[in-house]
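[1] Got a predicted model here, sequence first, then my questions.
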Amino acid sequence: MAGNSNEPGRTVTSKLAAILVAFANGRDYTLSELAMHTNLAVSTVHRLLNDLVRTSLVERSDANTYRPGTCLREMPYVAKAATLRERGPFVVEDLAASLHTTARLGVVEGVEVAYVEKKAGVEPGTLFPNPARLPLHATAMGKALLAFGPRSLSRVISGCDLPRYTTRTLSCPIDLERALQKVRTHGFALSDRELHPGAGAVAVPVFDVDGRAVAAIEVDVASPGLEAVEVALPPLLTAARCLRRELTSTVSLRRAVEPHGHPLAAAAPTRMRA
């Protein structure tokens with residue numbers, strides 16, 4: 001994991017950012033309140049706050065609460081929304097490192113999946129834009145995007161000639177729709193030797209602040225059985241939620257400070273179940 005993190009999908013930088021953004025509303029926090037607000041472990045928040053106190057970005061009061069320090073209050077602040085292109089590769093890298101397997105993040109492009117990928121090991125991951133494409137109907141992340149995306153997309157795909165890559169590829173629109181219904185019911189998608197013989201994957205959607213599926217994350221598994229799903233699903237769900245939080249934190253901040261807000265942010269102009 002990036003920064004030796006025990007929380008999949010979250011780098012040290014993203015944790016620091018979550019804490020600093022929390023202070024943008026100008027209020028004081030206790031240690032436990034800040035941990036709950038940022039969805040970080042209390043021990044992690046305590047360690048990072050100690051570093052921030054030493055830099056004068058955060059102050060500790062006599063009441064054992066924390067508040068923005070003078071340096072932070074006086075710092076001009078412009079919130080720039082994180083994007084999938086920026087944050088996606090980091091999440092993929094963290095998943096690949098934590099699960100020791102290939103991880104991908106994909107978005108719909110036309111009737112295919114545009115994606116970035118990171119294999120386990122030292123080989124560098126790919127970045128957007130990446131010319132590689134994968135089929136929606138024969139991949140786990142493609143099925144997650146179809147299941148939770150607009151119904152018009154699944155209708156378009158069902159009306160296309162679905163290529164058969166292996167004997168297990170769902171090339172019949174009726175079979176595909178049945179599979180998508182299972183994905184909607186369970187909240188995750190599987191691919192079992194549908195694109196390549198002997199290859200499987202587990203995927204979950206990534207939602208934006210309005211609950212729309214804007215991407216999907218998948219990891220390779222030898223066989224998508226119950227044991228593999230139980231291992232892969234928790235870090236996938238955590239990564240998807242963390243990515244959603246990073247993508248929406250500046251949106252929420254901007255909504256909170258317009259037209260009035262804390263001086264720190266005054267210059268700011270951006271569902272899942274197993």
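    In hand now; what should we look at? Residues are numbered from 1 along each chain as shown.

[2] Just confirm residue 86 is within a helix.
    Yes: with DSSP: H, G, I helix; E, B strand; the rest coil as the criterion, residue 86 is part of a helix.

[3] Could you check the pLDDT of it?
    The per-residue pLDDT reported for residue 86 equals 82.

[4] and the gap between it and residue 105?
    Counting by CB to CB, to the nearest Å, the gap between residue 86 and residue 105 amounts to 12 Å. To be clear about C-beta, it is placed using only N, CA and C from the backbone, and glycine gets the same treatment.

[5] Pick out whichever of the two has more residues nearby.
    Taking neighbours as other CB atoms under 10 Å, residue 86 and residue 105 compare with residue 105 leading, 31 against 14.

[6] What pLDDT is listed against that one?
    Predicted confidence (pLDDT) for residue 105: 96.

[7] residues contacting it?
    Contacts here follow CB atoms under 8 Å, 6 or more residues apart in numbering; on that basis residue 105 touches 84, 88, 89, 91, 92, 115, 116, 141, 206, 215, 216, 217.

[8] got a winner among those for most neighbours?
    The most neighbours of any of the contacts of residue 105, using other CB under 10 Å, belong to residue 216, which has 32 neighbours.

[9] returning to what we had before: I'd like the contacts of residue 105 as a markdown table, with secondary structure and distance to residue 242 appended.
    Compiled in a markdown table, the contacts of residue 105 are given as follows (DSSP: H, G, I helix; E, B strand; the rest coil; distance: CB to CB, whole Å):
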| residue | secondary structure | distance to residue 242 |
| --- | --- | --- |
| 84 | helix | 13 |
| 88 | helix | 12 |
| 89 | helix | 14 |
| 91 | helix | 7 |
| 92 | helix | 12 |
| 115 | strand | 19 |
| 116 | strand | 16 |
| 141 | helix | 17 |
| 206 | strand | 10 |
| 215 | strand | 13 |
| 216 | strand | 15 |
| 217 | strand | 10 |
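
[10] Would you reformat those residues as JSON lines and include distance to residue 234?
    Output for these, formatted as JSON lines (distance: CB to CB, whole Å):
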{"residue": "84", "distance to residue 234": "22"}
{"residue": "88", "distance to residue 234": "20"}
{"residue": "89", "distance to residue 234": "21"}
{"residue": "91", "distance to residue 234": "15"}
{"residue": "92", "distance to residue 234": "17"}
{"residue": "115", "distance to residue 234": "22"}
{"residue": "116", "distance to residue 234": "22"}
{"residue": "141", "distance to residue 234": "17"}
{"residue": "206", "distance to residue 234": "16"}
{"residue": "215", "distance to residue 234": "19"}
{"residue": "216", "distance to residue 234": "17"}
{"residue": "217", "distance to residue 234": "13"}
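
[11] Which neighbouring elements make contact with whichever strand or helix holds residue 229?
    Mapping residue 229 onto the secondary structure by DSSP states H and E places it in helix 226-257. Judged by 3 or more CB pairs under 8 Å, 6 or more residues apart in numbering; DSSP states H and E, the packing partners of helix 226-257 are helix 12-22, helix 84-99, strand 200-207, strand 213-221.
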